[in-house]
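Q: Have a look at this prediction, sequence included:
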Amino acid sequence: DVKGTIREIVLPKGLDLDRPKRTRTSFTAEQLYRLELDFQRCQYVVGRERTELARQLNLSETQVKVWFQNRRTKQKKDQSRDSEKRSTATSESFATCNILRLLEQGRLLSVPAPPSLLSPTSNPMGSPTGN
């Protein structure tokens, strides 16, 4: 830390750092097609249904279970992103409508240029008074 104190990191007892990492499952196109098809029908697969699906696809039940968990997470993330896009688009649409409404009502005033950009003799309105 800032004072130069050395701290010991204590790792959990069950953590085996020497154990090799599990290899990532590579699903075939046919397996992915079937998993997606079943996911569209029902987003949770349990019990005999999971056992049978794993057997048919030549996967372990754990692989099927984890695939469905990951797919639900992906769907939730996609829905959240879509909802955020719709919210942003809706906000922008409301802002545009409000600006147009104010223009129609003649209530939207133009913002004058900052004084530093105008020379003392220039007059944006063309009249001697500047208004």
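A: In hand now; what should we look at? A quick note: this is a predicted structure, and the numbers were derived from the prediction, not measured.

Q: Report the residue spans of the chain with pLDDT below the cut-off.
A: Scanning the chain for pLDDT under 70 picks out the ranges 1, 94, 107-131.

Q: for it, longest helix please?
A: Longest helix of the chain, by residue count under DSSP state H: helix 61-105.

Q: Quick one: distance of that helix to the chain centre.
A: On the basis of Cα atoms, centre = their mean, to the nearest Å, helix 61-105 sits 8 Å off its chain's mean C-alpha point.

Q: do stretch 20-31 as well
A: The answer for stretch 20-31 is 25 Å, by Cα atoms, centre = their mean.

Q: Equivalent analysis for stretch 41-56, please.
A: The mean C-alpha position of stretch 41-56 is separated from the chain mean by 29 Å, Cα atoms, centre = their mean.

Q: list the contacts for the residue nearest to Gln63 when sequence neighbours are not counted?
A: In space, and not counting its chain neighbours, Gln63 is closest to Thr25: 5.4 Å by Cβ to Cβ, 6 or more residues apart in numbering. C-beta: built from backbone N, CA, C; applies to glycine. By Cβ atoms under 8 Å, 6 or more residues apart in numbering, Thr25 lies in contact with 59, 63, 67.
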